[in-house]
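Trainee: Take a look and give me a structure for this.
(chains A and B)
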There are 2 protein chains.
Amino acid sequence: MTPPDPLPAPAGTRPQRAARRYIYAFGEGHAEGDATMRGLLGGKGAGLAEMTNAGLPVPPGFTITTEACNDYFAAGERFPNLLWEDVLAAMAELEARTGKRFGGTEDPLLVSVRSGARFSMPGMMDTVLNLGLNEETLRGLIALTGNERFGWDAYRRFIQMFGRIVMGVDGERFEHALSGAKEGRGVADDTGLDAAALRELCGEFAHIVRTDAHRDFPTDPHEQLELAVRAVFASWFGKRARDYREYNGIPHDLGTAVNVQAMVFGNMGDDSGSGVAFTRDPGTGEKVLFGDYAINAQGEDVVAGIRTPRRIGEMRDQMPEVYRQFAEIAGRLERHYRDVQDLEFTIERGTLYMLQTRSGKRTAAAAVKIAVDMVAEGIIDEVEALGRVEPAQVDQLLRDQFDPKAKKGAVLVAKGLNASPGAAVGRAVFDADRAAEWAARGERVILVRVETSPDDFHGMAAAQGVLTARGGATSHAAVVARQIGRPCVAGCSDLLIDQVARTAQSDGARFAEGDPISIDGSTGEVFLGALPTVEVRFEDQADLRTVLGWADRYRRLEIWTNADKPEEAAQARGYGAQGIGLCRTEHMFREGERLEIVRDAILVAFEATRAKTLRDGGHDLTEDEVAAIARFDAAIGRLEALQQGDFEGILRAMSGLPVVIRLIDPPLHEFLPDHDELLVAVTRHRERGTPQNDPEFAQARDLLGAVEALREQNPMLGLRGCRLGLLIPDFVKMQTRAILRAALTVKREGLDPHAKIMIPLVGHVNELAETRKILEAEARRVEAGAGESVEYSFGTMIEVPRGAITADEIAAHAEFFSFGTNDLTQMAFGYSRDDAEGKFLLDYVDRGILPANPFQTLDRAGVGALVEMAVRKGRAARPDLELGVCGEHGGDPDSIAFFHGVGLDYVSCSPFRVPVARLAAAQAALADRAAERDR
Amino acid sequence: MTPPDPLPAPAGTRPQRAARRYIYAFGEGHAEGDATMRGLLGGKGAGLAEMTNAGLPVPPGFTITTEACNDYFAAGERFPNLLWEDVLAAMAELEARTGKRFGGTEDPLLVSVRSGARFSMPGMMDTVLNLGLNEETLRGLIALTGNERFGWDAYRRFIQMFGRIVMGVDGERFEHALSGAKEGRGVADDTGLDAAALRELCGEFAHIVRTDAHRDFPTDPHEQLELAVRAVFASWFGKRARDYREYNGIPHDLGTAVNVQAMVFGNMGDDSGSGVAFTRDPGTGEKVLFGDYAINAQGEDVVAGIRTPRRIGEMRDQMPEVYRQFAEIAGRLERHYRDVQDLEFTIERGTLYMLQTRSGKRTAAAAVKIAVDMVAEGIIDEVEALGRVEPAQVDQLLRDQFDPKAKKGAVLVAKGLNASPGAAVGRAVFDADRAAEWAARGERVILVRVETSPDDFHGMAAAQGVLTARGGATSHAAVVARQIGRPCVAGCSDLLIDQVARTAQSDGARFAEGDPISIDGSTGEVFLGALPTVEVRFEDQADLRTVLGWADRYRRLEIWTNADKPEEAAQARGYGAQGIGLCRTEHMFREGERLEIVRDAILVAFEATRAKTLRDGGHDLTEDEVAAIARFDAAIGRLEALQQGDFEGILRAMSGLPVVIRLIDPPLHEFLPDHDELLVAVTRHRERGTPQNDPEFAQARDLLGAVEALREQNPMLGLRGCRLGLLIPDFVKMQTRAILRAALTVKREGLDPHAKIMIPLVGHVNELAETRKILEAEARRVEAGAGESVEYSFGTMIEVPRGAITADEIAAHAEFFSFGTNDLTQMAFGYSRDDAEGKFLLDYVDRGILPANPFQTLDRAGVGALVEMAVRKGRAARPDLELGVCGEHGGDPDSIAFFHGVGLDYVSCSPFRVPVARLAAAQAALADRAAERDR
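Mentor: Have a look, this model is predicted:
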C-alpha cells in the first residue's frame, strides 16, 4: 500500500477554502474537541481536549485534524487549502493565551509537536520538544529563566530530536558526540555538563546536521514548525507504521493528527519534574498509583531511563501538595474514563500540568483483577468488565509459567521482546535441521537464530520455543511462533549469536549448542539452565473464574471441547466445557499395544471384507480367505473391547452432557510403519543377500507391500473418513457396537450418557445415508442383544466443500452437523496444511497476500461463506438441526465471533481453550447487542 | 431398489373399480391407442396401435397398460381392481374378432404374450408364443391345419418357452432333451424331427417341467395367460432390468405393459415365413431393405439363428407379391415415423402380418449417413437430424479402427460384448500386476481376466485394452474401461481362461500370456496377432462434416481445444476448434533435453531466488549464492528460448484465434526423478560402502535431498500453480517474456496472434493481483525493449472452491475465467483423482452411492453449483467477463449441456473431442429452444 497518487493542484489558481475545519484548540479550561472525536483528533488530541474539559491543568495548544493529513496526501503532499494559514492563526491565538511570542526573543513561545493517530502505533513520529528555539529565542529563554545551563540543554535536546526525527540524521552520531563531551569532561551523566559544554555540544550537533542532512539546521521557528508537521504526516506512511497497520488490520486511510502544544519544563530546577504513572499497578492490577517521576527532568528522560527515576509514592513526601493534586486528578480521570489510565505529567516550578492520559496497557493478570475490582467498586458493570479482558489474556493466564522463585536465583542472559507467551525449556540448537533432528530423537530443544526464515519452519515446529536476536512483534519468528503456539522471545538484541561457533552471549552470560536454556515468552526473559515451571491451576484463579462466570451469563454459544480421553474430558469439564464436540476414536488406536492390533486388522481388512462378501453370496472360500476373516475378526474383536472401555470412561466423565464420537477418520497407512524406513530396510536385506525366508526380511517385505498398497498420492483426499467405513463396513459396525455397549453400561450404572455418533468426510448425501444404514442395523442388533435401548443421535461432519454446498440434502439424514473447518479450509483453499504452512502460507501472510493464516482465523469470505451456506440450507431442510464447529477455529476468538454471527449452537475447542472461548463467545454476543442498540 | 411394499387389500370387501382403463385393443384396422401413448402402452403396444392406425396388417390383440403393472405392485402383486375381468372381456372380444375360441378344441385361439416397457431393456420378459395350447386345443389345431407335425412342434415350442420364461425351468434341460431327440434319430436339425418324435419330446418336456418346477405344466389356457401376465410384470423388477435402469438412469416407476396378440404362424408351410428387417442398412446407412427371413419358420427361429435365414432381397424373387407389399409398408412406416424402422413380420399362408416396428438401432456411421440422407430426401430437417446422431457416435467415428482388410485374414478367437469402443493391440497378460509391470517397461498389453475387480484397476489403466470372459455392459470391466477410455470386450463367454496356466482358448483358437492379440471394442471381436489399425481421417468423413456444419449453425457455445503443441493445435483447428482454451506450458518442460534444464533450474530455484532478494536489498552475496544465481539464470534463459519457439509455433497455427496459455502449474518434484528409486540407489551405495565422493553416489544423494526438500504430503494441495510463481517470480517472468516475444515475432510475420495468459490455482484475489503485478511489469519491459506492443489478455483458472466462491473479487483482476473442473471436482469432493478412482470411486458408482463418476460427468449439485456461483458473481462484477471451461468435462456431452445452461462462452476439450463437443453444444441449444417452445 502506498499513499494515493497526488492530485495535481489546478495550475495558476488559488484553491478555495474547503468546508473543513482543520484546527481544534485545547487547554487552560477550554477545548473545542472532546473524547468522542478520536477519529478526527486522534487519541492524543481527543485526550487532551477531554482533560481540558474535565478541568485539568493542560498546557494550551491545538490539534491539526486527521482530515488535514488525508487532504495533505490527496493534494500530493502539499498543505491543503488554507491549512497553513489556519495553523498560523492558531499559533497567534496560542501566543495570546500564553502571553508569549513564537520566535520572540524576550519570552519565547516554545511548543512540542507530536503525532496522534486514532490508534497508537509503533513507527509513528515521536515527540519533538522545545520547537521554536534558535540562538535568538534561546537568549530570551536564558534571560527569562536566568538559567544558562537549562537554556543550552533545551537547545541541545531540540537539535538532537529535531535532527533525528524530522531531518533524518543518524541518532547515533548525536549520541556519540554527547558521549565524547561527557568523556572529555570526565562526567558520567549529562547533568554533569555545564552550560559551556552544552553550548559547545550545540555547535557540534549543528555540524552533524549539516554534514548528515546536507543542509543547515533551520533557525526560522515557522519553518521548524512546518517541517515538523510534514514529518508527522509522512510518518503515517512510514514502513513500520504501514506494516503495523497491515498486521493489525487497521485501515490506511485513517490519517494522523498533529498536536502542537505550549512547552512546559520539568527541568527548571528542583521544584520541577516529570513523570509517568498508572492509576493502578499494570502488572498485578493492585489499586495503587504506580509509576516513576524524576525531579528536574523532562519527560523523555524518565521514559528513556536517562535519569534514574523515583517510585511515584516517594512524591508524597517530596512534593506533598503536588502529589495530593496528582492523586486526585488520577482518581478523577480513572472514574471519568472508567478504566485504568496511563498518565504523563510535568511539574514546572511547582505547577502540575497533565500532558497525556490514555487507557493503560496491563498484564493478563492485572486485566482480570482490575475488571473484577472495578465492578466491585461500582465503576463499571459486568458487561463493560467483559470488554476489558482480551481472550488472548485468558489464554496467557492458563499457560505454564516459570516458578517465580526459581527465576530469582537464575542467570538472566538477556531480555527481548515477549513475542509469543509461555514458558519453554530445552537445549539450545542453532539451526533448524538440527533442531528437527534432535527433537526427532526425543530431545527438547529451543531454536536459537539471529532471525528466522521460512526455511526454519520445520525447526520451529520441532522446538519447544524460539529465540531470535533480531526482529520485532511482526517478525517471521514472532508470527510463526504465535501461529504454531510456541513461546518466543524475539529481537533479543543484547544477545550476540555466533552461528558458526554455535554459541550465544550477552554481557552477563554465554551458552553453547546443547546447553539447556529457559525462555519466557510472556516476559521476554532468557535464562541459563532449565528452570522449573509451575502448573497453573484454574481452580486457584478466582478473579478469572468470576469474569468467566459473567461471560456465561451473556453468551449464546455453548462451549464444548475436543477430548479423546476420560482425563481430558474431566479437565475440560473443569474448565466449563458443556459437552464433547469431538472425540477422535482413532487417537485411541495409536496407543501402545493397540497399534499392533490395528496393524493386524489393516493388513487383512480388504481381503477379509472381500471374502465375507463372497461368503454372504453363498460362495465357497479358500483356506486363505477363511484365515483372513479369522485374523481380521480377532483383531476387530480385541479393538472393540478396548474401545468400549475408552467410551465408557468418557461417557462416565461427561454424564449428563453430550459426547460427539467421530468414527475412524484417517487413511489406514497412518497406522503402519513409515514407508521409507521399510524401503531402506528391504533394500538393505536385498543388498546383503539376506535369505528370503529370514523372518525379519519377510516381515519387512510384507509390511512394505501393505504400505505400498495403501499409499496414496494425496492421502488427504484419499481413502479415509466415511469412505473407509463404506469399504470396510466392519470398522463402522465395530465402533457402533463399542459405543452403544459403552452407553448401555454407563446407563446401567445410573449415569446419563448422551452419545452422538458422527460420520466424517461426507461429501455426498448417499455416503451418509449408506453409512447410516450399516450403523443402524448394527445398533438394532446391539439393542436387541441387550434387550434394552439407549439414546444416541446421528450426525455428520461438514468438512468437504460439497457437503456444505449440498447441506440441505445431507440434513435430511443427519440430526447434527459439526463443521470441520480445518479440512474445509484445506479443501476450499486447496491447501494441504502440512505442506502449505511451511512452504508458502506464512510467506503469503508476511507479504499481505493473505490477511491472516486461514488455519488459525477462519477465512470469512471463502470458508465462512461455505459455513453460512450450510447453516442456511441445513436449517431450511431441518429446522431443529444442531450446529457446531470442532475445527481448531472453535478456540479462536475472531472465528468464534463469526460462528456466533451465523447462528451455530456451540463451538468445540481443545480443553485449555475452553475458558478463552467462553469469554470470546460472550464478547460476540455483547457486540451483537451493542450493534442492535445502535441500530 | 425393491418394489414398493404391498398394500393390504381391505379384508372381506370387494374393491371397487378404479377410474382407470387398463386395456387398449389394436389390430385389423382399429386401435384404441396410438404412437403418442408410449408411456401408457409401452413402446411395443404404441407401435402396434400406430401400425394398426396406419392401415397395416397387424394381427389383433390388446395391450395391458403400464399403470396396470404399477397398480399390480402397489396392491402387493395382486391384480388390481377388475383387471382380470377386463382381460377376460378383451379375450372375448379377441375371440369375436378372430372367430376363434381361447381354449377351443375346434379353431383354438392362440396368443403371444410379450412385455413392452416405454424403453426396451435387457432382462425384460421374452416373448411366449402359442399360448393357449394343451392336448385338447392342440388336437383342434392339428385338425384345422391338417399338419400334425406343425401342431406338435408348436406345442413343443410352447412348453419350452413357457417352461423356461414363465416357470423358471433351466432352459439347458430342454435343449439337452432336444439334442438327445435329434441324436437318437440321427438328424442334424429340428426340422428333421417328425410328429411322433416331437410328441415324444413334448412328453419329456412336461416331465422336465414337473421335476424342475415342482408342478405340472398348466393346461388351463386362462391359467397360462394369468401366469404369463404375472411373469411379465415380475420381470420389471428382475435383477437385469433393474440394473439396466440404474445404469441408464431410467426411473423404476414406469412399469411395463403386456401385449397379448393373436398368433399368426410363419411355419405353416412353404407359403409361410417370418423375418426381421431394417428399412435401411443399420451398418452403413445405405438406403436398402436390410434383414433376413426364413420360409416355414417362426420369428424366433430367425432371431435365434436356428434356421439359416435368407437375405431379405431374395424375397423379391421367392414371394414377389409379399415382397412388394412389405417394401411398400416399410417405406410407409419410415416416412410415418420419420426414422429408420426395425420391423418384424410373419407370412401366414401368403398373408403378410406386421408384428412390430420400432426405431432401428444403427452404427455410428449409419446414424450419420441416415441423418444426412433423410434431410436430402426431405423426410426430416437439420434440427431433427441433429437429434439423430449421438455425441458418443461421433466419438466412435473418430477412433482408430482395425483395417477391415486385415480383419478378413485374421483368426477370430471369439466374440464378446462391445463394451467400450476402439481398437486395441497388445500382448495378452493375465493379471493386473504383471500388466502394470510390462506396461511400465514399455510393452503394450491387453489385460485378460475372467472378470475384473477394483484390485485390477492399475492393470486396466496400464493396458491398451481389456478382455473379460464374464460380465455384461455394466460389469466392472465395462464401466471402468469406458471411464478410462480403454477399448473393452466383455463377457466373451466362448473364451476359456485358465488363470493358472495363463492361457485362453475358444473353439477356434488359443493364446498364451505374451502372445499378441487384437480386440475390437466397437464390435466385440477378439483376434490372434497384432492387426494393423487404420487412422480415421476426419477430412474424409463428408457426412459427419455435414452434420457438424449444421451443428455449428445452432450451437451458442464456442468449441475450443486443449493443445500444447503446434501439431495438436493444427489438428484441432481441422476438427473445427475455435481457439485454444488450454495450452499447458509445463508439458513443454518434460520433453527430452528440456527435462535436464528444468531440473537444473529447480535444484537451485529457491536458493537463487533468496539470493536475488538479498542482492536487491543491497546485501553482499556469498560465492555459493552468486553461483546459484548464475546457474539458475542460465537454465531459465535456455528454457525461455525453447518456450518462445513453442509459443511461436502455436500462435502461428492459431493465427486469428485465441490461445490461452497457462503458466507453470504442477509441483516441482514432478520434474525430478522418482523418490523411491533414488532412496534405493542411495541405500545401496551406503550398504556397499561406495566412497562419499563417488560421482554417481554424490549425484543420487543430491537429487534425493532435492526431492525430499520438495516432497509434499499432498502435492495436489501444495506448492504449485500460482503459488509457485509467487515464490519463484522468475518462472512467471520467463514465461511472460517467452509468450510476449513469441507474439511479437508472429505479429511481425503478418499473422494475428491472440495470446491470453492464464494463472492457475487462484484461491484468493490477492494471489492473482500480485501475480499480475509481476507479469505486467515484465510485459512492459518486453514491449519497451521491442519498441512495440502486442495484444494479450490476462485471466485465471477457477479451479479452487474458494476461487469460485469469491469470483466477484477475482473478476476485478481477470478478463477471463476458465473453469478447471478437474481440480474443482477434486477439491469440492475432497477426492484425489489418482487415489479415488482406483480405491473407492468406481465402487461408489457401482453401489449407486454416486450416480456417475464426477470426473467424467460434471456433478451438477456440488461442483456445478460452484461453477454457477462463479458465473453469477463474476459476471456481476465484470459484465464482459469471458467464461469457459478447460477441464475434461469440456468434452462430455452431459456436462456441455450444463455449461450451455449456465451461460459459458466456450468449452475447451482435447482435439479429438472437438467434433463431439460441436454436436453436443448444438443439441444443448436445441433442447433449450424446444423447452422454450414448450413453455
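
Trainee: can you tell me which helix or strand the closest residue to chain B within the stretch 251-400 of chain A belongs to?
Mentor: Going by Cβ to the nearest Cβ, chain B is nearest to A:His252 of the stretch 251-400 of chain A, at 15.4 Å. C-betas here are computed from N, CA, C, even on glycine. Applying DSSP states H and E as the criterion places A:His252 outside every helix and strand.

Trainee: which residue packs closest to the closest residue to chain B within the stretch 451-600 of chain A, ignoring adjacent ones?
Mentor: Distances between the stretch 451-600 of chain A and chain B by Cβ to the nearest Cβ are smallest at A:Ser453, namely 7.8 Å. Taking Cβ to Cβ, 6 or more residues apart in numbering or on different chains as the measure, A:Ser453 lies nearest to A:His476, with 6.3 Å between them; neighbours along the chain are not counted.

Trainee: can you check A:Met51 too?
Mentor: A:Val58 (5.0 Å).

Trainee: Next, that neighbour: secondary structure please.
Mentor: Following DSSP: H, G, I helix; E, B strand; the rest coil, we place A:Val58 in the coil state.

Trainee: What is the subsequent helix or strand relative to the lowest-mean-pLDDT helix or strand in chain A?
Mentor: The weakest-scoring helix or strand in chain A, judged by mean pLDDT, DSSP states H and E, is helix A:299-303 (a mean of 69). Read in the C-terminal direction, the helix or strand following helix A:299-303 is strand A:310-311, with elements assigned using DSSP H and E.

Trainee: Check which helices and strands the helix or strand following that next one sits against.
Mentor: On the C-terminal side of strand A:310-311, the nearest following helix or strand under DSSP H and E is helix A:315-318. Where contact means 3 or more Cβ pairs under 8 Å, 6 or more residues apart in numbering or on different chains; DSSP states H and E, helix A:315-318 is packed against helix A:320-337.

Trainee: The residue of the stretch 251-400 of chain A closest to chain B reaches A:Tyr244, doesn't it?
Mentor: No. Under the criterion of Cβ atoms under 8 Å, A:His252 makes no contact with A:Tyr244, lying 10.9 Å away.

Trainee: between the two, who's got more neighbours?
Mentor: Taking A:His252 and A:Tyr244 together and counting by other Cβ atoms under 10 Å in any protein chain shown, A:Tyr244 has the greater number of neighbours (20 against 15).

Trainee: A:Ile250 is in contact with the more buried one, correct?
Mentor: Yes. The pair A:Tyr244 and A:Ile250 passes the contact test of Cβ under 8 Å, sitting 7.5 Å apart.

Trainee: For the longest helix anywhere in chain A, buried residues please.
Mentor: Secondary structure of chain A per DSSP state H: the longest helix is helix A:623-653. Buried residues in helix A:623-653, counting neighbours by 16 or more other Cβ atoms under 10 Å in any protein chain shown, are found at A:625, A:628-629, A:631-633, A:635-636, A:638-640, A:642-644, A:646-653.

Trainee: in terms of contact, does A:Thr736 touch A:Ala779 like I think?
Mentor: Yes. With contact defined as Cβ under 8 Å, A:Thr736 and A:Ala779 form a contacting pair (5.7 Å).

Trainee: so which strand or helix has the closest residue to chain B within the stretch 151-300 of chain A?
Mentor: Closest approach of the stretch 151-300 of chain A to chain B (Cβ to the nearest Cβ) occurs at A:Glu246, with a separation of 12.0 Å. Under the assignment given by DSSP H and E, the secondary-structure element containing A:Glu246 is helix A:239-248.

Trainee: Spell out which residues belonging to the stretch 801-935 of chain A are near chain B, please.
Mentor: Within the stretch 801-935 of chain A, the positions adjacent to chain B are A:801-802, A:805-806, A:809, A:823, A:826-832, A:834-836, A:839-840, A:843-844, A:847-850, A:859, A:861-863, A:865-866 by Cβ under 8 Å from any Cβ of the partner chain.

Trainee: Could you identify the buried members of these?
Mentor: Burial by neighbour count, judged by 16+ other Cβ under 10 Å, picks out A:801-802, A:805-806, A:809, A:823, A:826-832, A:834-836, A:839-840, A:843-844, A:849-850, A:859, A:862-863, A:865-866 from those.

Trainee: pLDDT below threshold where in chain A?
Mentor: A:1-19, A:247, A:302-307, A:454, A:472-474, A:479, A:483 (pLDDT under 70).

Trainee: hmm, what's the outermost residue in it?
Mentor: Residue distances from the centre of chain A (Cα atoms, centre = their mean) peak at A:Asp620, which lies 63.8 Å from the mean C-alpha position.

Trainee: Am I right that that residue sits in a helix?
Mentor: No. Judged by three-state DSSP, A:Asp620 forms no part of a helix; its state is coil.

Trainee: Excluding covalently adjacent residues, which one is nearest to A:Val229?
Mentor: Closest residue in space to A:Val229, ignoring its immediate chain neighbours: A:Val258 at 5.3 Å, by Cβ to Cβ, 6+ apart.

Trainee: Measure how buried the closest residue to A:Pro421 other than its chain neighbours is and give me the count.
Mentor: Residue nearest to A:Pro421 in three dimensions, not counting chain neighbours: A:Ser522, with 4.2 Å by Cβ to Cβ, 6+ apart. Around A:Ser522 there are 20 other residues, counting by other Cβ under 10 Å.

Trainee: Tell me how far A:Ser522 lies from A:Val489.
Mentor: Relative to A:Val489, A:Ser522 is positioned 10 Å away (criterion: Cβ to Cβ, to the nearest Å).

Trainee: ok, back up a step: what's the distance between the residue nearest to A:Val229 and B:Pro532?
Mentor: As defined by Cβ to Cβ, A:Val258 lies at a distance of 88 Å from B:Pro532.

Trainee: before we move on, what about A:Tyr293?
Mentor: Taken as Cβ to Cβ, the spacing of A:Tyr293 relative to B:Pro532 amounts to 102 Å.

Trainee: Between the two, which has more neighbouring residues?
Mentor: Taking other Cβ under 10 Å, A:Tyr293 and B:Pro532 do not tie; A:Tyr293 has more neighbours (28 against 13).

Trainee: does the more buried one count as helix, strand or coil?
Mentor: With three-state DSSP as the criterion, A:Tyr293 was assigned strand.

Trainee: That one contacts A:Asp301, doesn't it?
Mentor: No. With contacts defined as Cβ under 8 Å, A:Tyr293 does not count as touching A:Asp301, sitting 10.5 Å away.

Trainee: who touches both of those two?
Mentor: Counting by Cβ atoms under 8 Å, 6 or more residues apart in numbering or on different chains, the contacts common to A:Tyr293 and A:Asp301 are A:Ser274.

Trainee: Please spell out which residues along the helix or strand containing A:Met460 are buried.
Mentor: Under the assignment given by DSSP H and E, the secondary-structure element containing A:Met460 is helix A:457-462. Along helix A:457-462, the positions that meet the burial threshold by neighbour count (16+ other Cβ under 10 Å) are A:457, A:459-462.

Trainee: Now that helix - C-alpha only, PDB.
Mentor: Output in PDB follows, covering the C-alpha atoms of helix A:457-462 (Å, rounded to 0.1, in the frame of the first residue of the first chain):
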ATOM      1  CA  PHE A 457       9.800 -23.700   9.800                       C
ATOM      2  CA  HIS A 458      10.400 -27.400  10.500                       C
ATOM      3  CA  GLY A 459      12.800 -26.500  13.200                       C
ATOM      4  CA  MET A 460      10.400 -24.100  14.900                       C
ATOM      5  CA  ALA A 461       7.700 -26.700  14.800                       C
ATOM      6  CA  ALA A 462      10.000 -29.200  16.300                       C
END
